[in-house]
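Visitor: sequence first, then the predicted structure, then my questions.
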Number of protein chains: 2
Amino acid sequence: MSEPLAKTRAKPTSKEEILDAAERLFARCGFDGASMREIAQLAGVAQALLHYHFRTKEGLFEAMFARRSGAINRIRLARLDTMIARGGLTVEEIVDSLLRPTVEAGYDPTRGGHYFANLILTTGASNNPWAQGLIAASYDAMAKRYIEALRMALPDLSLADATWGYLFIIGSALTQMAPTGRADRLSDGATSDRNTEALLSRAAIFAAAGLRAFAATRPASPEAETPTP
Amino acid sequence: MSEPLAKTRAKPTSKEEILDAAERLFARCGFDGASMREIAQLAGVAQALLHYHFRTKEGLFEAMFARRSGAINRIRLARLDTMIARGGLTVEEIVDSLLRPTVEAGYDPTRGGHYFANLILTTGASNNPWAQGLIAASYDAMAKRYIEALRMALPDLSLADATWGYLFIIGSALTQMAPTGRADRLSDGATSDRNTEALLSRAAIFAAAGLRAFAATRPASPEAETPTP
DNA sequence: GTCTATAGTTCGATAGAC
DNA sequence: GTCTATCGAACTATAGAC
């Protein structure tokens, strides 16, 4: 609905080109590592135009982040709604619908490869309230729907376990989406992190088994233990 | 052995104070977000002293990173060696020995809370070769030993599956080590990410079940599929 | 909407005294 | 080893013409 990522194949407006350039550079270098100058140069416009459209660097980052996360979340929830309406939810397909849109939308090979997954990771790992607020605003509503869906597929799953499970799924896959060659190196070439299907299929198997183990471990969840602040 | 994190309780040298301050600020703000000025101020020394000891900002970052990652890895491998010598390895205890040292060493409440896990995450998510090289130099050798250990505990695990399993374990736990309050929010208070025991015990259950599912899925791993470059 | 030009700040790094 | 002082470059943001 609102603000599609690419309305048509017609030539993009300069505002869209700025967002494209910002996404690429922010994903590569992080918020502090990318400069407004570089973004303007990559977009082929004057630096002042970025401030005209988005006022500040934070404003540009927010607009860029909202555009991409919104597009990915719409695909996720559309798939989830379809699966729920159809009935007979499995954990594996829930996980796939959660991860695949990020792999496919967040990695655009025609533009030289920029990885939105890294952006989510570094934003979430930032200790400042603005970044945390961005994550919450962009993802909490969707996350709650997925946690709910996991409990529909696995009725024995407690809310606490489903929450940790959701966070583990996100964390395990998001950290592996950018192909760094590390999996290749650690496995002596037996597998590759460029193989996104290997990642997605294994993530689904791994997560589904983990969640079923949570559901099987009904009693005595460790919530009563003292926090370690 | 070489360069313990805190030799004694005597007052730290100014070089150590610089490393402490650097770790805290780099973890909070990332490499680009923290400045040499702030670090010097937090350490209580002149900015020029940082350049005297470490030459450049990159040099300081590398020294800080090596000190902490080395300390954590020595604890990990000591525990792993002990368990292997004892015999009867379980996946759960392997996972615990991998994750607990980071939780305990990377989170120092007496200093106001700084999270080394976030630093690993943002460094690993950086697309530049220097950062990737740092990760490789600091962690690849240890990672290979853990992948080997996982296959000792689960002999049916292929090298490829063990590698993905290791990466999933690291990714799922590392992203949850800094208490952001997100688990609390998503679970409506049913659990808390300040509860590190809840994290560690669930990570072990989740990962062990995932790895056993890999070991049970012997044939036809999806390695033959075409990469998605 | 888009540009040029620039103000004002902050950064990493160095020179040189002690 | 540790300091003060400062250079030169890069940054975000704005003013103002078109």
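Guide: Arrived safely, thanks for sending.
Visitor: could you give me the average pLDDT of whichever strand or helix holds residue A:98?
Guide: Using DSSP states H and E, residue A:98 maps to helix A:91-105. Throughout helix A:91-105, pLDDT has a mean value of 95.
Visitor: what sits up against that helix?
Guide: For helix A:91-105, contacts defined as Cβ atoms under 8 Å, 6 or more residues apart in numbering or on different chains pick out A:5, A:68, A:71-72, A:75-76, A:79-80, A:83, A:116-117, A:120, A:146, A:149-150, A:153-154, A:169-170, A:173-174, A:177, A:196, A:199-200, A:203-205, A:207-208, A:211-212. The C-beta positions use only the backbone N, C-alpha and C, and glycine is treated the same way.
Visitor: what's the next secondary structure element after it?
Guide: On the C-terminal side of helix A:91-105, the closest following helix or strand by DSSP H and E is helix A:116-125.
Visitor: quick one: that next one near chain B?
Guide: Yes - using Cβ under 8 Å from any Cβ of the partner chain, helix A:116-125 reaches chain B at A:118, A:121-122, A:124-125.
Visitor: ok, so of the residues you listed, who is nearest residue B:63?
Guide: The shortest approach to residue B:63 among the residues of helix A:116-125 next to chain B belongs to residue A:125, at 21.4 Å (Cβ to Cβ).
Visitor: run through the residues that contact residue A:187.
Guide: Going by Cβ under 8 Å, 6+ apart, residue A:187 touches B:147, B:159-160, B:162-163.
Visitor: if you rank those by neighbours, which is first?
Guide: Ranked by the number of neighbours (other Cβ atoms under 10 Å in any protein chain shown), the contacts of residue A:187 place residue B:163 first, at 28 neighbours.
Visitor: what residues does chain A put near DNA strand C?
Guide: Residues of chain A lying close to DNA strand C (Cβ under 7 Å from any atom of the strand) are A:13-15, A:44-49, A:52-53.
Visitor: swap in 10 Å and give it another go.
Guide: Within chain A, the residues that sit near DNA strand C (Cβ under 10 Å from any atom of the strand) are A:13-18, A:32, A:37, A:40, A:43-53.
Visitor: just to be sure, which of the contacts of residue A:187 are found in helices?
Guide: Applying DSSP state H to the contacts of residue A:187, the entries found in helices are B:147, B:159-160, B:162-163.
Visitor: check those residues and tell me the two furthest apart.
Guide: B:147 and B:160 (10.1 Å).
Visitor: among the contacts of residue A:187, which are in reach of chain A?
Guide: Checked against chain A using Cβ under 8 Å from any Cβ, these give the following subset in range: B:147, B:159-160, B:162-163.
Visitor: where does chain A have low pLDDT?
Guide: Residues of chain A meeting the criterion pLDDT under 70: A:1-9, A:107-113, A:218-229.
Visitor: select the longest helix from it.
Guide: As assigned by DSSP H, the longest helix anywhere in chain A is helix A:57-86.
Visitor: in CSV: the ones in helices among the contacts of residue A:187, plus distance to residue A:57.
Guide: Below are the ones in helices among the contacts of residue A:187 laid out as CSV (distance: Cβ to Cβ, whole Å):
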residue, distance to residue A:57
B:147, 41
B:159, 44
B:160, 42
B:162, 43
B:163, 38
